[in-house]
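Participant: need a structure here:
(4 chains)
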Number of protein chains: 2
Amino acid sequence: MANIQQVAKHAGVSVATVSRVLNGQNTVSSKTKMKVEEAIKELNYEPSMLGRNLRNSESRIVLILIPTISNPFYLEIIKGIENIAISHNYNILLCETDSDPEKENIYFDLVRKKMADGIISMDPAVNVETLKQLAEKYAIIQCSEYGGGIGIPYVTIDNEEASYRAVKHLLQIGHTKIALMNTDEKFLYARERKMGYERALKEHGIEMNNNYIFYTKDLGFENGQQAMKKILNLKERPTAVFAVSDLLAIGALKEINASGLNVPGDMAVVGFDKIDFSNMTNPTLTTVAQPMYKMGTTAAKMLIEKIQGNKVDSVVLDFELVIRESTAG
Amino acid sequence: MANIQQVAKHAGVSVATVSRVLNGQNTVSSKTKMKVEEAIKELNYEPSMLGRNLRNSESRIVLILIPTISNPFYLEIIKGIENIAISHNYNILLCETDSDPEKENIYFDLVRKKMADGIISMDPAVNVETLKQLAEKYAIIQCSEYGGGIGIPYVTIDNEEASYRAVKHLLQIGHTKIALMNTDEKFLYARERKMGYERALKEHGIEMNNNYIFYTKDLGFENGQQAMKKILNLKERPTAVFAVSDLLAIGALKEINASGLNVPGDMAVVGFDKIDFSNMTNPTLTTVAQPMYKMGTTAAKMLIEKIQGNKVDSVVLDFELVIRESTAG
DNA sequence: TATGAAAATGTAAACGATTTCATTTTTGAT
DNA sequence: ATCAAAAATGAAATCGTTTACATTTTCATA
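Facilitator: Numbering: from 1, shown residues only, chains lettered A, B, ... in the order given. Below is the predicted model:
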């Protein structure tokens, strides 16, 4: 495999000149530029990123931390990140943490070892203390989920308001007994969405009923099924359920159908995220659309700014309530 | 940020010794080893991958080429690849090609530029000629989809047989008018699956009817809906449909439901891949289970072998027909 | 033609590790 | 105490770039 030395020799110039041609500097005469380009072609030369990266002290790789690749919610965000990254000559390393601090640490090590130039974290279970410490030395952005008040820039939506609007929609179409399917309140978004839920109820003069609040361990389909099973067994059964994730909602949908009940006739369902599949279910799912692609591009731009040493501010993006069949009663 | 020089000075030894400690070589006395480890701790030293990678002429990164991240089919495979990769100290770069030769080439460049040590390609639309050429110099494995006879090791299942068994199942439960929802036959797997379809029919004395064969541009949900719309409009409507991807099948399911027909009563449906969502639909989907995780681990092991310069043979893995509600009539 | 500024090119030092080969130190047997 | 073999350590080259600085060439002008 040819290196820059050989190209230089072959073209009868110095390596500096070759490098200049490579990097499109305009201080090279067109004659020599031609010679060099010819040599490059003849030797089939491809500059090595290894040498270049060492010299420039950068890896041109950014890390994306997600709890699991199985939740389609992240896919659109990733696409957004990727497009911006690529156009800035960065590549992305997708890191599935399983919300496991051990695995997480393997990935943190990558930036410590200069294998990566920065991190976009979407893992709500991330070790906040470690992240904070890391952020002092490295470029880090939080996306979608964030630890509040730890000084790391984030991009997100107004979860409280989004939840409020979702529940308000259920109230407006006549529901009063509305269950909440939430995750562990150690997550900020879970706390915020519960607050929105409560605010909407209060506004309609309804007291929050703790029997109607269910916590799931994860955001998966099965978790939704299990929680729904419990809800269906309540003596005073709710007529609507708001799940904080589409996967939960789809699990709920499945369970309701399986028990012979009708959606939205017997039970209205609202999800959260607007993943692709929320439109493929029967009935289609009413859900809160997060601007996922936009979140991705925004986070990526912020990260690149940060890598370049600039200060960046957090961003709160708009959401949208998408009303579909599962509440169209 | 401390480097190996500073650690050496701080510990009062040479860089060679520090490097030896770093790499766990046993030629270092325990006294000096202690000194070095102390220095490392005190200086908060983390060895730079940039230096190491240049010296070792490797990036410890492998590329995964997939047409789109939106098809969950790839997720399990990726997990398999990732686990093996991580345990061998490799990291994976997920590359979405959109089946676009231009984008593809960007990623090929990464290995030419030594940014990556090898490629696992899952893109059926990959430019076979380029891939073949690349494979002469770099480590490449094909996974799931492969170009036949181009000498690049692959891991896959027996698509013809899998398709045969799926269709045979439909025949056995009494269907005779079976539609095939396929993709473009430029893809090897599409041709193979059609052959299996034909063989099953023939075996039951049924002549293949071209009016029952539909081609979709992609493997997405919407493609399935559109194709199903056409199928439902046929004058002599089939009673079953075999789709070569779960996403297609789920699209079909949706369309059938929407038109007021019942699955499997009016129309049985069989998919392919056993993605997570095939179990979340209503009714659940009969499908051909590919051993995706195993495919991933196998491909990863093969690639690592290849990177190390060893010869590897192609592998054909087992599949399984999973019978669920959509054919349980 | 000589001159000086501007343009083009070259030299050599980084970047941060690993490793070969040479050298020093330790060890154990005599 | 001596010595050879074994063990531990170090010096310096190397991986392949980029770039600051020095040097040479070009070219318009006097």
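
Participant: Show me how far stretch A:291-308 is from its chain's centre.
Facilitator: Distance of stretch A:291-308 from the chain centroid (C-alpha atoms, centre = their mean, to the nearest Å) equals 11 Å.

Participant: Check stretch A:35-45 too.
Facilitator: 43 Å.

Participant: Buried ones in it, by neighbour count?
Facilitator: A:35-36, A:39-40, A:43, A:45 (16 or more other C-beta atoms under 10 Å in any protein chain shown). The C-beta positions use only the backbone N, C-alpha and C, and glycine is treated the same way.

Participant: now swap in stretch A:233-251 and tell me
Facilitator: So, applying 16+ other C-beta under 10 Å, buried residues of stretch A:233-251: A:238-251.

Participant: does chain B sit close to that stretch?
Facilitator: Yes. Judged by C-beta under 8 Å from any C-beta of the partner chain, stretch A:233-251 comes into contact with chain B through A:250-251.

Participant: End to end on that stretch, go ahead and measure it.
Facilitator: Terminal residues of stretch A:233-251 are spaced 16 Å apart (C-alpha to C-alpha, to the nearest Å).

Participant: now swap in stretch A:136-145 and tell me
Facilitator: Terminal residues of stretch A:136-145 lie 19 Å apart, using C-alpha to C-alpha.

Participant: is any part of it close to DNA strand C?
Facilitator: No. On the criterion C-beta under 7 Å from any atom of the strand, stretch A:136-145 is out of touch with DNA strand C, staying 13.5 Å away.

Participant: List the buried residues for that stretch?
Facilitator: A:138-145.

Participant: Among the residues you listed, which one lies nearest to residue B:126?
Facilitator: Closest approach to residue B:126 among those (C-beta to C-beta): residue A:143, at 30.8 Å.

Participant: just to revisit the earlier point, with the buried residues of stretch A:136-145 in mind, which one is nearest to residue A:21?
Facilitator: residue A:139 (30.8 Å).

Participant: Just to check, the closest one is in contact with residue A:302?
Facilitator: No. In this structure, residue A:139 is not within contact of residue A:302 by C-beta atoms under 8 Å, at 9.1 Å.

Participant: which parts of the stretch 51-200 of chain A sit against DNA strand D?
Facilitator: A:51-52, A:54-56.

Participant: Which ones, among these, also lie beside chain B?
Facilitator: The subset of those within reach of chain B, by C-beta under 8 Å from any C-beta, is A:51, A:54.

Participant: I'd like the residues of the stretch 51-200 of chain A next to DNA strand D as JSON lines, with distance to DNA strand C, secondary structure and neighbour count appended.
Facilitator: Shown next, in JSON lines, are these (distance: C-beta to the nearest atom of the strand, whole Å; DSSP: H, G, I helix; E, B strand; the rest coil; neighbours: other C-beta atoms under 10 Å in any protein chain shown):
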{"residue": "A:51", "distance to DNA strand C": "7", "secondary structure": "helix", "neighbour count": "16"}
{"residue": "A:52", "distance to DNA strand C": "9", "secondary structure": "helix", "neighbour count": "20"}
{"residue": "A:54", "distance to DNA strand C": "4", "secondary structure": "helix", "neighbour count": "20"}
{"residue": "A:55", "distance to DNA strand C": "4", "secondary structure": "helix", "neighbour count": "11"}
{"residue": "A:56", "distance to DNA strand C": "8", "secondary structure": "helix", "neighbour count": "11"}
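
Participant: Spatially, which two of the buried residues of stretch A:233-251 are the most separated?
Facilitator: Using C-beta to C-beta, the buried residues of stretch A:233-251 span at most 22.1 Å, a distance reached by A:239 and A:247.

Participant: before we move on, the earlier item: adding pLDDT, write the buried residues of stretch A:136-145 out as TSV.
Facilitator: Below are the buried residues of stretch A:136-145 laid out as TSV (pLDDT from 0 to 100):
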residue	pLDDT
A:138	96
A:139	97
A:140	96
A:141	97
A:142	96
A:143	96
A:144	92
A:145	85
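
Participant: So which elements touch the worst-scoring helix or strand of chain A on mean pLDDT?
Facilitator: When the helices and strands of chain A are scored by mean pLDDT, DSSP states H and E, helix A:128-137 comes last with a mean of 91. Using 3 or more C-beta pairs under 8 Å, 6 or more residues apart in numbering or on different chains; DSSP states H and E as the contact criterion, the elements in contact with helix A:128-137 are helix A:101-112.

Participant: The helix it packs on near DNA strand C anywhere?
Facilitator: No. On the criterion C-beta under 7 Å from any atom of the strand, helix A:101-112 is out of touch with DNA strand C, staying 10.5 Å away.

Participant: which stretches of the stretch 51-200 of chain A form strands?
Facilitator: Assigned by DSSP state E, counting those that start in this stretch, the strands in the stretch 51-200 of chain A fall at A:61-66, A:91-96, A:118-121, A:139-143, A:154-157, A:178-183.

Participant: how far out from the middle of the chain is the last one?
Facilitator: Distance, stretch centre to chain centre, for strand A:178-183: 22 Å (C-alpha atoms, centre = their mean).

Participant: any idea of the mean pLDDT in that strand?
Facilitator: What strand A:178-183 shows for mean pLDDT is 98.

Participant: so what's the most far-flung residue of chain A relative to its centre closest to, chain neighbours aside?
Facilitator: Centroid-distance maximum for chain A: residue A:12 at 50.6 Å, with C-alpha atoms, centre = their mean. The spatially closest residue to residue A:12, leaving aside those adjacent along the chain, is residue A:35, at 6.8 Å (C-beta to C-beta, 6 or more residues apart in numbering or on different chains).

Participant: Verify the stated contact: the one you found with residue A:9.
Facilitator: No. Taking C-beta under 8 Å as the definition, residue A:35 is not a contact partner of residue A:9, at 11.8 Å.

Participant: Mutual contacts of these two, please.
Facilitator: Counting by C-beta atoms under 8 Å, 6 or more residues apart in numbering or on different chains, residue A:35 and residue A:9 have no common neighbour.

Participant: part of a helix, is residue A:17?
Facilitator: Yes. Assigned with DSSP: H, G, I helix; E, B strand; the rest coil, residue A:17 falls within a helix.

Participant: can you list the buried residues of stretch A:233-251 in CSV and add secondary structure?
Facilitator: Below are the buried residues of stretch A:233-251 laid out as CSV (three-state DSSP):
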residue, secondary structure
A:238, coil
A:239, coil
A:240, strand
A:241, strand
A:242, strand
A:243, strand
A:244, coil
A:245, coil
A:246, helix
A:247, helix
A:248, helix
A:249, helix
A:250, helix
A:251, helix
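
Participant: what's the closest of those to chain B?
Facilitator: Distances from chain B to the buried residues of stretch A:233-251, taken as C-beta to the nearest C-beta, are shortest for residue A:250 (5.5 Å).

Participant: Spell out which residues sit in contact with the closest one, please.
Facilitator: Here residue A:250 is in contact with A:221, A:224, A:271, A:277-278, A:281, A:285, B:280 (criterion: C-beta under 8 Å, 6+ apart).

Participant: What of residue A:198?
Facilitator: Contacts of residue A:198 by C-beta under 8 Å, 6+ apart are residue A:208.

Participant: List, one by one, the residues from the stretch 201-329 of chain A near chain B.
Facilitator: Counting by C-beta under 8 Å from any C-beta, the stretch 201-329 of chain A comes close to chain B at A:221, A:250-251, A:253-254, A:257-258, A:276-277, A:279-282.

Participant: Just give me the closest of those to residue A:326.
Facilitator: For those, the nearest to residue A:326 is residue A:253 (6.9 Å; C-beta to C-beta).

Participant: distance of the closest one from residue B:34?
Facilitator: From residue A:253 across to residue B:34, the span is 61 Å (C-beta to C-beta, to the nearest Å).
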